[in-house]
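Asks: Got a predicted structure here, sequence first:
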Amino acid sequence: MIGWMHHTPRWAVASACGIAAILLFVGAFAHVADLLSHGLHPYDWAPGWLNLYWSSLALLDTLAAVLLIRGKRRGTDLACAIMATGLAANWYAVYGIQHSNLAAQPGFQRLTVFAALVLGAAPFIRRHLTN
């Protein structure tokens, strides 16, 4: 690992974990609302596996947020896995199913920015977290 990554200030690590946790809780809340309103298949237009993936994020987003708040590396790892798979799933939904694009999908735009922030910050903060 690059030497200057070892010197990430604690306030930056805490801020990054806090912001990511808050945004993960926002995502979890949205998925819980979808579950409560529409059950396990909230999007008629999406295949069952994609609906189940999005529904599972109600639990996974919450778990990642809690782990980040507790300062655990697994929180960073889970957040990165959620962002990578979420970006792939939403890319498939936008381009493959809806035949749309990034410019026409503000939710996908926000997810893309959040994923870039999580994936970009992870190497800097992971080292400072506990097992």
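Replies: Yep, that arrived. This is a predicted model, so every value here is computed, not measured.

Asks: Quick check: buried residues in the top helix by length along the chain?
Replies: Of all the segments assigned as helix in the chain under DSSP state H, the longest by residue count is helix 10-38. When neighbours are counted by 16 or more other C-beta atoms under 10 Å, the buried residues of helix 10-38 are found to be 13, 16-17, 20-21, 23-25, 27-28, 31-32, 34-35. In short, each C-beta sits where N, CA and C put it, glycine included.

Asks: Let me have these in JSON lines, adding distance to I82 as columns.
Replies: As requested, the buried residues of helix 10-38 are exported to JSON lines (distance: C-beta to C-beta, whole Å):
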{"residue": "V13", "distance to I82": "19"}
{"residue": "A16", "distance to I82": "16"}
{"residue": "C17", "distance to I82": "15"}
{"residue": "A20", "distance to I82": "10"}
{"residue": "A21", "distance to I82": "12"}
{"residue": "L23", "distance to I82": "11"}
{"residue": "L24", "distance to I82": "8"}
{"residue": "F25", "distance to I82": "13"}
{"residue": "G27", "distance to I82": "8"}
{"residue": "A28", "distance to I82": "10"}
{"residue": "H31", "distance to I82": "11"}
{"residue": "V32", "distance to I82": "15"}
{"residue": "D34", "distance to I82": "16"}
{"residue": "L35", "distance to I82": "17"}
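
Asks: just for this structure, where's the confidence low?
Replies: 1-6 (pLDDT under 70).
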